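> whatever this is, show me its structure:
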Amino acid sequence: MKILVTGGAGFIGSHLTDRLIKEGHQAMVLDNFSTGSKKFVNPKAKVARVDVRDAKKVDSAFKKFKPRIVFHLAAMIDVRESLRNPTKDYEVNIAGAVNILEACKNHKVKKFIFASSAAVYGDNKNLPLPETEAPTPISPYGASKAAVEQFGHAYQDLYNFDVICLRYPNVYGPRQGTVGEGGVIAVFCKNLAKDKGLNIFGQGRQTRDFIFVDDIVEANIRALKSKKKFMVINASTNKKTSISSLAKELLTISGKNAKIKHLKAIKGEVLHSCLDNRLIKKELNWKPGASLPEGLKKTWEWFSK
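The predicted structure follows:
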C-alpha cells in the first residue's frame, strides 16, 4: 500500500517509516528538513522535500505519489516557541494540516492518522485523563492540536475518509531531539554522554507520562488497521514518572556520577500529566510494551554512541 508520512525525517516519523517499509508498504516521506535529518530517512522511502505550508507543493507530491493512507506528524513541536511565536504555530500546525487534509480530499486518500498531543488537555487535574475530558489547552501548541482534531472530524464527515487522532504523551527514544514533549530525556542523555550535569527546573516533583517510541509506532500501526471511521484516542502508559526519579534512573543506567542542579521552576508549566489508556486497549487492542527502564536503556545506548 502507498503510505505518505509527513514529518517522516523526524524522530517519530522516521521510526514509523521504517516500520511501514518493514511491513512491505511503499512509503513517501514529506518533510522540509527544518528539524528532521536525512540520515534518519529509510533508503527505501521516496522523499518529497516540501513544507506543509506550501499548498501547491503538497498537492503536487500527493498527485505524483497517490497515497492511500496519510500519517500526519509534521508540526512545530516546541511549546515554548509556540508561546513566543503563535503565528508560526498556527501557520505550521493548523494551516499546514488543512493543506494536508485538502490534499487527502482531492486525491482520494482513504485514511488520515494524526499525531495529536496531551497538550490539548491543558492543566487538567483529573488524572489519568480520559478522552471524555474536554480540551482546555493553555498554549498555542495545545490549541493547534485540538483544532486539527476538529478539522479532522469535519473532513471525515464531509468527505468520507477515515480519521484517527492519537493523543501522544511524552514520547522518547533514539533519534529524539531536545525540544518538544519528552525532550527532557534527550537533554539528559546528551549531557550524560558529555559528562555534564543534569539541570532540573524546580524540585523535580513534576510528573509526566513517558512512552517509548516503538510503542507509539505500534499504536499508529494498529490505527492503520482499524476499521473505525473517526476516533480520538490516547496512546499512553497510564503511569506518572517524576523528573527527579527519571534523572536517578538514567544515572543508574548510564553508570555516570553526574551532579543534579535544581534551577528556578518554569512559570506556567503543567505540574502533572498522565493519560488514561483504557480506550486504546479496548478499541485497538494495544498496550505499551516497553517499561521505562527498558526504554531508557535503549535510548541511552543510542545517545552514548
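> need the helix or strand of the chain with the lowest average pLDDT.
Lowest on mean pLDDT, DSSP states H and E among the helices and strands of the chain sits helix 79-84, with a mean of 90.
> now what about it, what contacts it?
76, 88-89, 119, 139-142, 144, 179-181 (C-beta atoms under 8 Å, 6 or more residues apart in numbering). Heads up, the C-betas are built off the backbone N, CA and C, glycines and all.
> ok, 7 Å please
76, 89, 119, 139-141 (C-beta atoms under 7 Å, 6 or more residues apart in numbering).
> with stretch 207-216 instead?
12, 15, 118, 168-173, 182, 235-237, 239-242, 272-275, 288-290, 292, 295.
> how about residue 260, nearest residue that isn't a chain neighbour?
Closest residue to residue 260 apart from its sequence neighbours, by C-beta to C-beta, 6 or more residues apart in numbering: residue 198 at 5.0 Å.
> what's the neighbour count on residue 117?
29 (other C-beta atoms under 10 Å).
> how about the contacts made by the closest residue to it other than its chain neighbours?
Spatial nearest neighbour of residue 117, chain neighbours left out: residue 145 (4.5 Å); criterion: C-beta to C-beta, 6+ apart. Neighbouring residues of residue 145 by C-beta under 7 Å, 6+ apart: 93, 116-117, 119-120.
> who are the contact partners of residue 115?
Contacts of residue 115 by C-beta under 7 Å, 6+ apart are 12, 72-73, 166, 168.
> ok, and the closest non-adjacent residue to residue 259?
Spatial nearest neighbour of residue 259, excluding adjacent residues (C-beta to C-beta, 6+ apart): residue 197 at 4.2 Å.
> so the one you found sits against residue 256, correct?
No. Using C-beta atoms under 7 Å, residue 197 makes no contact with residue 256, being 9.6 Å away.
> more neighbours: which of these two?
For residue 197 versus residue 256, neighbours defined as other C-beta under 10 Å are more numerous around residue 256 (18 against 12).
> list the buried residues of whichever strand or helix holds residue 214.
Here residue 214, judged by DSSP states H and E, is contained in helix 213-225. Across helix 213-225, burial judged by 16 or more other C-beta atoms under 10 Å covers 213-224.
> one more: stretch 38-49?
Judged by neighbour count (16+ other C-beta under 10 Å), stretch 38-49 contains these buried residues: 40-42, 45-48.
> any chance of those in JSON lines, plus secondary structure and distance to residue 22?
Below are the buried residues of stretch 38-49 laid out as JSON lines (DSSP: H, G, I helix; E, B strand; the rest coil; distance: C-beta to C-beta, whole Å):
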{"residue": "40", "secondary structure": "helix", "distance to residue 22": "15"}
{"residue": "41", "secondary structure": "coil", "distance to residue 22": "14"}
{"residue": "42", "secondary structure": "coil", "distance to residue 22": "9"}
{"residue": "45", "secondary structure": "coil", "distance to residue 22": "11"}
{"residue": "46", "secondary structure": "strand", "distance to residue 22": "16"}
{"residue": "47", "secondary structure": "strand", "distance to residue 22": "18"}
{"residue": "48", "secondary structure": "strand", "distance to residue 22": "21"}
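> and which of the residues you listed is nearest residue 193?
Distance to residue 193, by C-beta to C-beta, is smallest for residue 40 among those, at 18.4 Å.
> how about the secondary structure of the closest residue to the closest one other than its chain neighbours?
Spatial nearest neighbour of residue 40, excluding adjacent residues (C-beta to C-beta, 6+ apart): residue 14 at 3.8 Å. Residue 14 falls in the helix class when you classify it by DSSP: H, G, I helix; E, B strand; the rest coil.
> touching, residue 14 and residue 176? I think so.
No. Residue 14 is beyond contact range of residue 176, at 10.5 Å (criterion: C-beta under 7 Å).
> let me see the mean pLDDT of stretch 117-128.
Mean per-residue pLDDT for stretch 117-128: 95.
> for that stretch, measure first residue to last.
One end of stretch 117-128 sits 14 Å from the other (C-alpha to C-alpha, to the nearest Å).
> so what touches it?
By C-beta under 7 Å, 6+ apart, stretch 117-128 touches 79, 129, 133, 135-139, 141-142, 145-146, 167-169, 181, 209, 238, 270, 272-276.
> buried stuff in it?
By neighbour count with 16+ other C-beta under 10 Å, stretch 117-128 contains the buried residues 117-122, 124, 127-128.
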